[in-house]
Structures are given as C-alpha cells and as structure tokens.
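# Structure here, sequence nowhere to be found:
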DNA sequence: CCTTGCCTTGACGCCGACGTCAACCCCTAC
DNA sequence: GTAGGGGTTGACGTCGGCGTCAAGGCAAGG
C-alpha cells in the first residue's frame, strides 16, 4: 500500500504521514521508484497514533505506544512506558479541568455581578426621583 | 508615566505593551522625546486586559471591555458587548470542560483495562500450567 | 568625555502539527 | 504525444502572544 491509500484508510493526509516519518514515528520502506510502502501493521500503528492524538496527546507522547506495538505486543498500552504516559495525562487532565472549572466559576460570577449592576442602573433610570427604593410603587405623587 | 513603569506596575513587560499598542488595544501618547506616556487610566485598562488574559480570554476578546472602560463606564463589563463575550466564554468553557472530562474518562478506562490485562498476564506467568484459573491454589501436584 | 539606563523601531525566533506551493518524476490511458 | 493521477523533496506559511536580539537616540551623573 502506498502513502495515499494509507492516509485515506486512516482518515488523514499524506502530509501528516510524511511528517510522522520525519519525526521518526512511522518510518516507511521504499519500492523501486522510491515511493513509500506500508503494510497492515503500519495501519495499526497509525490508528494508535491518531486515537491518542484525538485524545489530545502530544505526538511525542504517542511514541511509547507505537514502539510497544512495533515490539510485537498485542496493544499499544501493553508496556509500562505507555501506562506512565496514561497516568501523567490523567494528572494533566485533572489539573486542567480543575483550572478551567475555577475560571468558569469566576466568569459566571463576574457575569452575574455585571448583570445585577446593569439591572440596578435600569431601575434607577426608571425612578429618577429618589435613590432609595422604599416601596413607592404608585409613583404618581412626588 | 513611561512604558517601563507601567509594565512594572501591571506586572508585565514593555514588549507586551508595545504589542498591545500595535494591535490597537492600548494606544499611547508621546512626550517630546517620542517616548510613550501613560496615565492611571491606562493602568486600569491594562489591568482589565491582564485579568481577562489570565482567565484565558483571547486578546481580541478583551477589546469590548477596554473600549467600555475608555468610554467612561465604571467597569469594563458595564457594556452589553462585554456581557456577550462573557456568555460566549462560558459556553466555550462548558464545552471544553465537557470534552476534557469525556477524554479523562476514556483515558482512565483505557488505563484500568491495560492494568487489568497486565495483571492477568502476570498471574498467567506465575501459573504456567493451565490457562483456566480453577482454584488450584495448591499448585504442587501437576 | 564616557558610562549607565531608559527609550525607540525593526525584525527574526518560538511552539506544534501540519497546510500549501513549487518543481520535478513515473506510469498509464487515450 | 499528452493529459492525468499518483508519487518525491524542499521550503515557506499558519496561529497567538509575545521573547530576544540589533542598532541607535537621549538625558543624567561621575
């Protein structure tokens, strides 16, 4: 299988495959014309990379998984180095989610405060008489 | 006040201030020497920008807040355009947190599965006799 | 005079994961 | 022949928010 077919079967592009090869992640054999040649095992490696990429793993973080598969193990995460990456990623995700959640609460608080301030100004504009809202709902007599 | 002092008082760098000016976010007056000159209001604008940046807002997203302050409003979020940005950011944060949480669960599941597989292989290695774990804890008779 | 320190503009570097273009080769079909 | 649809390498562009030089100006202090 050549580069175009592999890219299509993995749902990616030839540029990406050449990039992976340049990074030493997915080397390719060559045929007589100098064209890159891949087999089904390469497709497995590539799918492993893509799955992790979709999870937000850096390219370098996929390397242990790829090497694990290439070493003949049944799964990319059958090796201790892959588990280390999993655990590190979990910790990163927890930290990030925690930070984002804190920011989310801050922004929500700011939004609520700003909307309250806006509404109070609106009410003030409707009742230009006095600054204290003392249940003068009639509003006719001064 | 000149650029170095403003940067120091806002906890940022002169490079950053020049960058903001180039983006049209924080223009500066000039003194006789061509040096940038700022006042206390500029410090308020800058602090507004920095606060939002720390929350993860893009620079462009801080623009409504800055313009709101420059228009004379008491707070950067006293204008409807700022509230729109708040709400959009909240939605983005919710979406992102949701995605990250889903990824987190996937990774946790993968890790658990991989660890289970590893442990089963370890047990198998300890009992090379038969593939079925039928309570043969004695392990002495074949 | 010279150094020090602050300022100026301009321009390139960085990071990651590619996209995009240029110029060229190879095989096949018409 | 020639057009088309693969492939090759090389190199620059992208995105944001600056960092980091380089080369020079201007004022105060010794």
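Nice, thanks for sending it over. Treat the numbers as computed from the prediction; the structure is a model and nothing was measured.
# use CA for all of it now, contacts and neighbours both
Noted.
# quick one, phi psi at residue A:4?
phi -60, psi -40 (degrees, to the nearest 10).
# Counting neighbours, what do you get for it?
For residue A:4, the neighbour count with other CA atoms under 10 Å in any protein chain shown is 14.
# Spit out the contact partners of it.
A:13-14 (CA atoms under 8 Å, 6 or more residues apart in numbering or on different chains).
# How about the one 10 residues further on?
Taking CA under 8 Å, 6+ apart as the criterion, residue A:14 is in contact with A:3-4, A:7.
# same question, residue A:81
Here residue A:81 is in contact with A:64-65 (criterion: CA under 8 Å, 6+ apart).
# so which strand or helix has it?
Assessed by DSSP states H and E, residue A:81 sits inside helix A:80-126.
# Any part of that helix near DNA strand C?
No. Helix A:80-126 does not reach DNA strand C (CA under 7 Å from any atom of the strand); its nearest approach is 13.1 Å.
# Quick check: buried residues in stretch A:44-62?
A:44-50, A:52, A:55, A:57, A:61-62 (16 or more other CA atoms under 10 Å in any protein chain shown).
# Give me the phi and psi for the spatially most central residue of chain A.
By CA atoms, centre = their mean, chain A has its centre lying nearest to residue A:56, at 4.6 Å. Backbone torsions for residue A:56, taken as degrees, to the nearest 10, come to phi 100, psi 10.
# again with the one 4 residues further on
Dihedral angles of residue A:60 (phi, psi; degrees, to the nearest 10) stand at phi -60, psi -30.
# do residue A:29 as well
Dihedral angles for residue A:29 - degrees, to the nearest 10 - are phi -80, psi 170.
# How about it: what's its closest non-neighbour residue?
Distances taken as CA to CA, 6 or more residues apart in numbering or on different chains put residue A:37 closest to residue A:29, at 5.2 Å, once the chain neighbours are dropped.
# contacting residues for the one you found?
Contacts of residue A:37 (CA under 8 Å, 6+ apart): A:1-3, A:28-31.
# if I look at residue A:84, how far off is residue A:29?
Plainly put, residue A:84 is 30 Å away from residue A:29 if you go by CA to CA, to the nearest Å.
# Compare neighbour counts for these two and give me the winner.
For residue A:84 and residue A:29, the more surrounded residue by other CA under 10 Å is residue A:84, and the numbers stand at 14 against 11.
# what's the neighbour count on residue A:83?
For residue A:83, using other CA under 10 Å, the count is 20.
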